[in-house]
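Engineer: need the 3D shape of this:
(chains A, B and C)
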Amino acid sequence: MKECGAVNICLKSPQRGLQRGTGVKKWHLLHTALTRLQGSFAVAWALFWRHVASEMEKDKKTKQVKREKREAGSGGGTPGRVSKKVKSRGVKKSQGGDETYGEKEVKQEQVESSEFQVDDAARLQLGSKEEPADEDFVQEKRGKKRKRQKEDESGKGTSCSSEKAAAVKKKKRTDISAEAKTDKKKNEGKLKMPKKEESEKSVTKKKTKEEIEAARTLKRKLKEEEEQQRWRWWEEEKYEAGIKWKFLEHKGPYFPPEYNPLPENLNFYYNGEKLKLGLRAEEVALYFAQMLDHEYTTREVFRNNFFKDWRKEMTLEERMLITDLEKCDFGEYHNFHKQKVEERKNRTKEEKQVLKEANQKITDEYGFCMLDHHRERIGNFKIEPPGLFRGRGDHPKQGLLKKRIRPEDVIINCSKESHVPEPPAGHQWKEVRHDNTVTWLASWTDNVQGATKYVMLNANSKLKGEKDWEKYEVARQLKSRVDGIRAQYKDDLKSKQMGTRQRAVALYFIDKLALRAGNEKEEGETADTVGCCSLRVEHIMLHDSLDGEKCVVEFDFLGKDCIRYYNKVPVTKRVFKNLKLFMENKQPGDDLFDRLNIEGRKEQLTLAKAELKKAKKEAKGNSDTKLQFVVEKKKKAMQRCEEQLLKMEVQATDREENKEIALSTSKLNYLDPRISVAWCKNMEVQLDKIYNKTQRDKFAWAIHMTEKDFEF
DNA sequence: GCCGGAACTTAGGATGCTTAGC
DNA sequence: GCTAAGCATCCTAAGTTCCGGC
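Structural biologist: Just a heads-up that it's a prediction; the model follows:
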């Protein structure tokens, strides 16, 4: 590891931020770790442990409910039964709790006390001090969050929209399930089990105490065996730098089944006329038909891309005839697909079991490899099946055909002395390599993005675990250097060199807001997303004062996966002054922020509705085509407003929901598992309260090596 | 030092299974 | 017994960083 004090970052252009360079890379390694582990740490950590506290609280409640049930007896109704939603709300927000328990206050205290312990424990583990300047920042942020919660409770502000959006989502789901229900009812005659069988089933369901105990013992035994068999690679000596393995043997990737032609009686229609498609065109048409329920197929880019690629798969005759996607009717293909999905859903237990066993067989054969004479699980041993590319957001390539991968496209990587996997009959591999400086087992090039796709090991493998361990070790080292980095960028904020100042401001944002670094991207190849270093002038707005705060920066941009980042952040005077300077004589960009205003859209919609009403009134009883045209125009304008509002509301909901997603992401990728393990050992909390089986496997190295006294 | 490709890690969405609540 | 919510897992898109060649 190089000295991270020597921050060496080059700049490309003032508004486009940092460019790649060796110094940047070294610094990024450290700084990404810093931002993920320190910048967002407090929030992620507090949220995470609040979740743990919530789980523990839930556990307590469940036990109490059971106790109450026992006490009340079986004939006494369900006194202890409480809505799950109410329960979790009571714990999570520590307010408006569950009155049925009649101990709201006691619980409030318990929750507050566990939250206090959690935050306190986190502070102890981190051993970090807050800088005076940061203190203001953090306190204000916290204050805002509380305010927002209050708004949520009263049904005002963003939560209102979020709830509406959630309701829309829910409605969509309900509609789908209602549809499914109808279909299910239709099938009921066929599928419903005879009554006798049902009653027999319920009898067999009941297990005796002995059986339950035997099952428990077996589970315990299996767990112990698994533990004994676990490869304790962390207790072994590491290989020399760059060497990933000494021996690697596997069966090669598993290829998806070949295309199965549709039944003869299924038809595709073009311009109302029945048309029999050739196999290639039919296959690609089916990919589109399968997605008809998805919003993707309504997007212009998706439709155009699909149509362009679909025509490439057609015969000359088909291509001459099919020239307009609007005239294509995939209805029968779509219904066929829906029917298949429904059939899948309605499979009997036995059918499911047969399928499960067949899948297990495939996994047993292709899903494992021998790595240095240890059996390791492969993460993605299946070759990605063909289909239509589902790029996120406004991806310019969405809808393009992802072609079928053949063995001739695949490079195999294994040991020279291993048994080289056999390609499927009649095929051969593109290449067989013996490169032990890489971790992949097979690779191919994806035709849509030109990117290399890899077959790699599972998260619980040595190769992945070792990397994870290294990552957290880097973060650990950063602890002693972070003060120096901060001091340097603070100093650089007043540098005479514009480039240095910009770097300092970028660092300031990454440190305070945990933004992604933001690399350059090829225009037209991917959606227009940015990170900190690739922010454009249009993505920020400066406010001398806002909501009683001075020097506020308003961020609004699309980040990774086209997830919108919107934040208003008070910054130091120097940062603010620098930003003003950086924006001088540059194009301000679009009026993005005006149009994004959640109340503004509503006003627009009200206006559009009023105008439509007026136009209708004027056109009533008048056959003038001009007036009818105006009505149509106003109607479309109103629909557009409605769609835009809905889109924004859904985005707002997604932002709220993403908080939960971000929490699990933090747990899996950013929080050093040794901290969590040590905390559990100290607090005598079972590890399975915070990590599920997969996560315990992934972090086996941390679980085994961490003692109570571990310090980050 | 720059550039581009390779080699990774991170993370959203789909799907299927399980469980709580009615 | 039914349903919805929660959860786990799989799949793969979308990022970041490394590294070798010029």
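Engineer: enumerate every residue touching residue A:406.
Structural biologist: residue A:427 (C-beta atoms under 8 Å, 6 or more residues apart in numbering). From N, CA and C alone the C-beta is placed, and that goes for glycine too.
Engineer: now it: how far from residue A:387?
Structural biologist: Distance from residue A:406 to residue A:387, counting by C-beta to C-beta, to the nearest Å: 16 Å.
Engineer: and the helices in the stretch 301-450 of chain A, which stretches?
Structural biologist: A:316-321, A:331-345, A:349-366 (DSSP state H, counting those that start in this stretch).
Engineer: which one of those helices lies closest to residue A:450?
Structural biologist: Of all the helices of the stretch 301-450 of chain A, it is helix A:316-321 that lies closest to residue A:450, at 25.5 Å by C-beta to C-beta.
Engineer: pull the CA atoms of the closest one into PDB?
Structural biologist: C-alpha atoms of helix A:316-321 as PDB (Å, rounded to 0.1, in the frame of the first residue of the first chain):
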ATOM      1  CA  LEU A 316     -35.700 -11.600 -46.500                       C
ATOM      2  CA  GLU A 317     -39.400 -12.200 -47.100                       C
ATOM      3  CA  GLU A 318     -40.300 -11.500 -43.500                       C
ATOM      4  CA  ARG A 319     -38.100  -8.300 -43.500                       C
ATOM      5  CA  MET A 320     -39.900  -7.100 -46.700                       C
ATOM      6  CA  LEU A 321     -43.300  -7.600 -45.200                       C
END
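Engineer: residues contacting that helix, please?
Structural biologist: Counting by C-beta under 8 Å, 6+ apart, A:270, A:275, A:277-278, A:281, A:311 sit against helix A:316-321.
Engineer: and the buried ones among these, selectable in PyMOL?
Structural biologist: Buried residues within the contacts of helix A:316-321, by 16 or more other C-beta atoms under 10 Å, are selected in PyMOL with:
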select buried, chain A and resi 270+277+281
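Engineer: I'd like the contacts of helix A:316-321 as JSON lines, with distance to residue A:322 appended.
Structural biologist: Formatted as JSON lines, these follow (distance: C-beta to C-beta, whole Å):
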{"residue": "A:270", "distance to residue A:322": "6"}
{"residue": "A:275", "distance to residue A:322": "8"}
{"residue": "A:277", "distance to residue A:322": "9"}
{"residue": "A:278", "distance to residue A:322": "11"}
{"residue": "A:281", "distance to residue A:322": "8"}
{"residue": "A:311", "distance to residue A:322": "7"}
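Engineer: neighbours of residue A:396, how many?
Structural biologist: If you count neighbours by other C-beta atoms under 10 Å, residue A:396 ends up with 15.
Engineer: err, residue A:399, not the other one
Structural biologist: Neighbours of residue A:399 (other C-beta under 10 Å): 28.
Engineer: any idea how far it lies from residue A:613?
Structural biologist: 38 Å.
Engineer: please enumerate the strands of the stretch 551-700 of chain A.
Structural biologist: With DSSP state E, counting those that start in this stretch applied, the stretch 551-700 of chain A shows strands at A:564-570, listed in chain order.
Engineer: DNA strand C contacts on that one?
Structural biologist: By the rule C-beta under 7 Å from any atom of the strand, the part of the stretch 551-700 of chain A lying against DNA strand C is A:559-562, A:692-694.
Engineer: export those residues as a markdown table, with columns for distance to residue A:480, pLDDT and neighbour count.
Structural biologist: Below are these laid out as a markdown table (distance: C-beta to C-beta, whole Å; pLDDT from 0 to 100; neighbours: other C-beta atoms under 10 Å):
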| residue | distance to residue A:480 | pLDDT | neighbour count |
| --- | --- | --- | --- |
| A:559 | 30 | 87 | 16 |
| A:560 | 30 | 85 | 12 |
| A:561 | 34 | 84 | 10 |
| A:562 | 37 | 85 | 16 |
| A:692 | 33 | 75 | 10 |
| A:693 | 35 | 75 | 10 |
| A:694 | 33 | 77 | 12 |
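Engineer: and DNA strand B, which of the residues you listed contact it?
Structural biologist: A:560-561.
Engineer: which one among the residues of the stretch 551-700 of chain A next to DNA strand C gets closest to DNA strand B?
Structural biologist: Nearest to DNA strand B among those: residue A:561, at 3.8 Å, using C-beta to the nearest atom of the strand.
Engineer: residue contacts, that closest one?
Structural biologist: Residue A:561 neighbours (C-beta under 8 Å, 6+ apart): A:392-393, A:529.
Engineer: could you give the number of residues near the one residue in the stretch 201-350 of chain A that gets nearest to DNA strand B?
Structural biologist: Nearest residue of the stretch 201-350 of chain A to DNA strand B (C-beta to the nearest atom of the strand) works out as residue A:344 at 4.9 Å. By other C-beta under 10 Å, the residues close to residue A:344 number 11.
Engineer: now do residue A:579
Structural biologist: Quick note: residue A:579 (other C-beta under 10 Å) scores 20 neighbours.
Engineer: look up how far residue A:529 lies from it.
Structural biologist: Taken as C-beta to C-beta, the span from residue A:579 to residue A:529 is 21 Å.
Engineer: before we move on, what about residue A:408?
Structural biologist: 34 Å.
Engineer: neighbour-wise, which of these two wins?
Structural biologist: Relative neighbour count places residue A:529 above the other of residue A:408 and residue A:529, with 22 against 12, counting by other C-beta under 10 Å.
Engineer: confirm the more buried one sits in a helix?
Structural biologist: No. Per DSSP: H, G, I helix; E, B strand; the rest coil, residue A:529 lies outside any helix segment and is coil.
Engineer: how about it: what's its closest non-neighbour residue?
Structural biologist: residue A:558 (4.7 Å; C-beta to C-beta, 6 or more residues apart in numbering).
Engineer: okay, now the one you found: neighbour count?
Structural biologist: Neighbours of residue A:558 under the rule other C-beta under 10 Å: 17.
Engineer: bridged to it, which residues?
Structural biologist: Taking DSSP bridges as the rule, residue A:558 bridges to residue A:564.
Engineer: for DNA strand B, see how far away it is.
Structural biologist: Residue A:558 sits 12 Å away from DNA strand B, going by C-beta to the nearest atom of the strand, to the nearest Å.
Engineer: check that residue and give its pLDDT.
Structural biologist: On the pLDDT scale, residue A:558 is placed at 88.
Engineer: who in the stretch 101-250 of chain A is up against DNA strand B?
Structural biologist: Applying C-beta under 7 Å from any atom of the strand, we find that the stretch 101-250 of chain A lies next to DNA strand B at residue A:244.
Engineer: so where is the stretch 101-250 of chain A shaky, pLDDT-wise?
Structural biologist: Applying pLDDT under 70 to the stretch 101-250 of chain A flags residues A:101-216, A:218-220, A:222-223.
Engineer: okay, helices next: where are they in the stretch 551-700 of chain A?
Structural biologist: A:573-583, A:592-596, A:600-619, A:625-665, A:673-683, A:693-698, A:700-705.
Engineer: fine by me, thanks again.
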